[in-house]
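In: sequence below, structure please.
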Amino acid sequence: MVPILSLWLPIVVSAVFVFLVSFALHMVLTYHYTDFRKVPDENAFADALRKLGIPPGEYMFPYAGSPKESRAPEFQKAMEQGLGTMLTVWPGGRPSMVNSLVQWFIYCVVVGVFAAYIAGRALGPGAEYLSVFRFAGCTAFACYAVAGWQRTIWFRESWTTTAKNSFDGLVYAAVTAGTFGWLWPSM
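Out: Numbering: from 1, shown residues only. Purely as a prediction, here's the structure:
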């Protein structure tokens with residue numbers, strides 16, 4: 001068993017590496033540019049939403065706030081008419097990536113902590129590289145990829161987007177696993 005505090009270096013270094021690799025996957029490679037589609041007549045759509053004055057938050061249409069409301073005739077009629085929508089409204093103004101990037105880095109550290117915990121409980125100091133790689137990699141993959149599959153199951157995100165995100169998760173897991181294998185304490 002390896003105490004989690006003695007794995008601080010692979011935790012931090014793997015987070016930095018994943019952060020840099022994620023930049024390459026999203027900014028250099030362009031396969032995520034098709035994750036979303038443009039709304040027809042974007043200006044009219046935006047003007048209509050602005051007129052409603054919807055505050056930032058997450059919305060669903062049609063929406064029933066309880067099982068009882070989901071049986072109401074008005075809700076049933078709205079469901080039959082179609083056009084189900086989930087909408088995330090952001091505050092106005094130019095978005096800053098700083099907050100998202102800081103949160104992403106913290107998330108990468110948290111994934112490293114979970115990978116360290118699982119690998120550290122399963123293996124001792126001086127464990128073979130491949131053993132460390134398997135434990136840290138499997139844990140990191142579950143965090144980076146498997147955790148997102150429920151968005152497709154419950155929120156109808158496309159399976160294509162989920163597959164691309166899973167590929168990213170596989171790459172991040174391999175980077176995390178490789179870093180842990182490289183920096184695993186020898187004794």
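In: tally of neighbours for Tyr59?
Out: 12 (other Cβ atoms under 10 Å). Quick note: C-beta positions are derived from backbone N, CA and C, even for glycine.
In: show the average pLDDT along the helix or strand where it lies.
Out: Using DSSP states H and E, Tyr59 maps to strand 57-61. Strand 57-61 shows a mean pLDDT of 91.
In: check which element follows it along the chain.
Out: helix 67-70.
In: what does the model give Val89 for pLDDT?
Out: In the predicted model, Val89 carries a pLDDT score of 89.
In: how about Pro67?
Out: Residue-level confidence at Pro67 comes out at 92, pLDDT.
In: now do Trp104
Out: At Trp104, the predicted lDDT confidence score is 97.
In: that one touches Ser22, doesn't it?
Out: Yes. The criterion here is Cβ atoms under 8 Å, and Trp104 meets it with Ser22 at 7.0 Å.
In: neighbour-wise, which of these two wins?
Out: Ser22 (19 against 16).
In: may I ask you to confirm that the more buried one is in contact with Tyr172?
Out: Yes. Counting by Cβ under 8 Å, Ser22 touches Tyr172, with 6.9 Å between them.
In: what sits against Asp41?
Out: If you count contacts by Cβ atoms under 8 Å, 6 or more residues apart in numbering, Asp41 has none.
In: one more time with 10 Å
Out: Going by Cβ atoms under 10 Å, 6 or more residues apart in numbering, Asp41 touches 47-48.
In: any chance of the backbone angles for it?
Out: Dihedral angles of Asp41 (phi, psi; degrees, to the nearest 10) stand at phi 50, psi 60.
In: state the distance from it to Asp47.
Out: Asp41 sits 10 Å away from Asp47, going by Cβ to Cβ, to the nearest Å.
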